[in-house]
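K.L.:
Next one to model:
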Amino acid sequence: METLTEDIATKAVHDFFTETPFTFLGSGMSCALDPRFGMPALRVALEEGMRGQALTAQGASEWAAVVASLGRDSDLESAMNAVKDDGLLAAVTDITSAFIAATDRECAFAIANGEAQWPAARLFEKLVETLPSGRSALHVLTPNYDLLLEYSCDVAGIPYANGFIGGVSRVLDWNAVEMSLGRYAQVSRGRTLKTAWQPRKRLCLYKVHGSLDYFFHRGQFVENAAWMWSPPKSAQRVMITPGSSKFETLQRYRRELIETADGAIDKANRFLFLGYGFNDTHLEVYTTRKLVTQGCLGLIVTRDSNPRIEAITRQAKNLWLVCKQSDPSSNGTRVFNAQYSDWVEIPGRRLWDVSELTNTLLGG
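P.N.:
I've put the predicted structure just below:
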């Protein structure tokens, strides 16, 4: 097999962006701004928050199983598979949402005041700016609950759509949203000018595990930013927490959370994964088919690799992996693609850092 070199790797990454990718945004991109968005911090918050909770006998037994699993060095996602009891699940959702909301609130003010910048902000700005003629939307899917992408879009002036439309409490209507994000303009039709409706360049966001501002209220699925940090008791949060119970909850809200994203994925033939750990098998069903079976082009950019990422990278010959060097003392980069004999090490370059990758390979 051919040997992978730095020149081959950097050219492949640069050329990947010559077409617009469907983008998967993982928790690693939230942690790049604040590590409290990660699973280790959430684990501590859950362990502290569950103390003194009034649980049923079943709920208490299931939480004891979670604690025991964590004590055996299980990851939080796997340990939470023990959670089935409705009361325990509600407590987990409340603790998770309160913890994430507090961090999100701090970041919202910092981004708005120019005191912090989300590392992927400039990349998304460039991807929307460079959308080709005939393609008006950058499609982004995320399991993240936070609103870092939304805050960054507001600061950069990037129009975005998440399917909701209305006033303070907004309802889901993708068709109405699409019409609202367009304008009538003079276009050439042969030798004549005609007025036609044209969509604006925008980002379409699919938050498939829910969001801090998603609620089920009065029998309706709504988005309400006024409630996201401190919701009324009458509003039930729509957040899919870690563990196997999320599959049941996802089915309950499948139309609202996933259905439109399914169609966008089916149409895509190029995929970008930012800080995405491949922890959600219900989402990987689509990506595996696209990347492995159909041979679609893909790029994973993440600080830390893991066995799940490397397994799919070995199976998909057109999938590139850019991550941090395995030596903890190094901030350099390593790149892998299954068509080449081994990794290429790129010391001294932090291409796994999305902001540096954007600046050095995509012209800032």
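K.L.:
Am I right that residue 349 sits in a helix?
P.N.:
No: secondary structure assignment places residue 349 outside any helix; it is coil (DSSP: H, G, I helix; E, B strand; the rest coil).
K.L.:
Could you find the closest non-adjacent residue to it?
P.N.:
With C-beta to C-beta, 6 or more residues apart in numbering as the criterion, residue 349 has its nearest non-adjacent residue at 5.2 Å, and that residue is residue 333. All C-beta spots, glycine's among them, are computed from the backbone N, C-alpha and C.
K.L.:
residues near that neighbour, how many?
P.N.:
Other residues within reach of residue 333, judged by other C-beta atoms under 10 Å, total 27.
K.L.:
Okay, buried residues for the biggest helix by length in the chain please.
P.N.:
In the chain, assigned by DSSP state H, the helix with the most residues is helix 86-112. Residues of helix 86-112 classed as buried by neighbour count (16 or more other C-beta atoms under 10 Å): 88-89, 91-97, 99-101, 103-104, 107-108, 110-111.
K.L.:
likewise stretch 21-36?
P.N.:
Counting neighbours by 16+ other C-beta under 10 Å, the buried set in stretch 21-36 is 21-34, 36.
K.L.:
which ones are touching residue 234?
P.N.:
In this structure, residue 234 makes contact with 217-218, judged by C-beta atoms under 8 Å, 6 or more residues apart in numbering.
K.L.:
Tell me how far it lies from residue 98.
P.N.:
Computed as C-beta to C-beta, to the nearest Å, the residue 234 to residue 98 distance reads 17 Å.
K.L.:
cool, residue 9 as well?
P.N.:
Here residue 9 is placed at a distance of 43 Å from residue 98 (C-beta to C-beta).
K.L.:
Any stretches of this protein with poor pLDDT?
P.N.:
Counting by pLDDT under 70, the low-confidence segments of the chain come to 186-187, 197, 244-252, 364.
K.L.:
how about a cut-off of 80?
P.N.:
In the prediction, the chain carries residues with pLDDT under 80 at positions 133-134, 181-199, 242-256, 281-285, 364.
K.L.:
Restricted to helices, list the buried residues of stretch 21-36.
P.N.:
When the buried residues of stretch 21-36 are checked against helices using DSSP H, the ones located there are 27-31.
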